[in-house]
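> 3D model of this:
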Amino acid sequence: QRRVEKVLDYMKIFVDAREIVAGVMDNKSGKIVALASSERFDPNRITQDKIEALNPKFTEYLYEPGSVIKPLSFAIVMDRGKVTPQEIIPTDNGKLRIGRYLITDDDKFPSLSATDVLVHSSNVGISKLVWRISGRELYDGFRRFGLGESSGIDLTRELVGTIKKAFMLRHPLHSANSAYGYGMHATLAQLLKAYSAFNNDGVAQTPQILDYFKDAQKEEYYTLPPTKPNRRVMSKDTARKMNTILQKIVQGGTGKKAQYEGLIIGGKTGTSHIATGGSYTKRYNST
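The predicted structure follows:
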């Protein structure tokens, strides 16, 4: 826990963030190693201005996750046999119009390999990929990953978030912006669960904080089994291919700053505008 708090302090200075929330989970068992927030309080003297900090943000802060959803979308399509990592995808120099709406990329390429759609975080590329499956298939895939439902973490309260209904995902615009993490709401706990499948041969682990309770006489009381069982969300082959792609994102893509000597790191970045009063602002959530 102390290590995580030091990391939080460093991250807050490094990214100039108002607040940092971080979690560490064992992908093989679902056991939570650490959860921490940079918004802290003294439990012996809780003042009025610290009331908001009492809420555990990892389960009670819903937000549009942005591009961290792209690997989920990609895996859903690949698991249906509709794309291979090496396939070339036209990305239209980073601009794709759907009616009066324009989907854009920060980095502009005429085409990319399917792997590089994730490495360079192409909104255009991931939109074209999810259009290869039905709205129902995309919806069911998101639900298998655990979006739009509780993660099953052993806390008394957890917000579940939302994803668009299957009939809405039949529309190209709704499926596109869902594919890159807008038009939905998720929590950090849900993302921990979803990403565990990439490192666990396709099985998403239910996060679990407690092993047991112990009373004053040191007698141990074991908790009930998780309310949400572990779930296979993709094939072992798809999970292992995704694991390799996530490593490439850190080696040469948007996640390069996450490299750490001596460790094999894989992952995906995400940045989403914060909506206030029905319109998006210039404030961001970053994952």
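> contacting residues around the closest residue to residue 253 other than its chain neighbours?
Sequence neighbours aside, residue 119 is the residue nearest to residue 253 in space, at 3.6 Å (criterion: CB to CB, 6 or more residues apart in numbering). Glycine gets a C-beta too; all of them are placed from N, C-alpha and C. Neighbour list for residue 119: 245, 248-249, 252-254 [criterion: CB atoms under 8 Å, 6 or more residues apart in numbering].
> neighbours of residue 45, how many?
Under the neighbour criterion other CB atoms under 10 Å, residue 45 is assigned a count of 7.
> longest helix anywhere in this structure?
Looking across the chain with DSSP state H, the single longest helix is helix 236-252.
> that helix: which residues count as buried?
Neighbour-count burial for helix 236-252 flags 238-239, 241-243, 245-250 (criterion: 16 or more other CB atoms under 10 Å).
> next: stretch 132-145.
When burial is assessed from 16+ other CB under 10 Å, stretch 132-145 yields the following buried residues: 133, 135, 137-139, 141-142, 144-145.
> okay, those residues in TSV with distance to residue 99 and pLDDT next?
Converted to TSV, those look like this (distance: CB to CB, whole Å; pLDDT from 0 to 100):
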residue	distance to residue 99	pLDDT
133	21	98
135	17	98
137	23	98
138	20	98
139	22	98
141	25	98
142	24	98
144	30	97
145	29	98
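> and the residue nearest to the spatial centre of the chain, what does it touch?
Centroid-nearest residue in the chain: residue 191, 3.8 Å away (criterion: CA atoms, centre = their mean). Counting by CB under 8 Å, 6+ apart, residue 191 touches 65, 68, 287.
> and it, what pLDDT?
Reported pLDDT at residue 191 in the predicted model: 96.
> are we agreed that it is in a helix?
Yes. When DSSP: H, G, I helix; E, B strand; the rest coil is applied, residue 191 is found to be in a helix.
> quick one: the residue of the chain most remote from its centre from residue 211, how far?
Relative to the average C-alpha location in the chain, and by CA atoms, centre = their mean, no residue lies farther out than residue 217, which sits at 41.3 Å. Using CB to CB, to the nearest Å, one gets 18 Å for the distance from residue 217 to residue 211.
> also residue 96?
49 Å.
> of the two, who's got more company?
The neighbour count for residue 96 versus residue 211, taken as other CB under 10 Å, is higher for residue 96 (21 against 10).
> thought that one was touching residue 108?
No. Using CB atoms under 8 Å, residue 96 and residue 108 do not qualify as a contacting pair, with a distance of 11.5 Å.
> returning to that earlier point: now distance to residue 226 and pLDDT too, for the contacts of residue 119, in CSV please.
Formatted as CSV, those follow (distance: CB to CB, whole Å; pLDDT from 0 to 100):
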residue, distance to residue 226, pLDDT
245, 29, 98
248, 32, 97
249, 30, 96
252, 37, 92
253, 34, 91
254, 33, 87
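> right, I'll leave it there.
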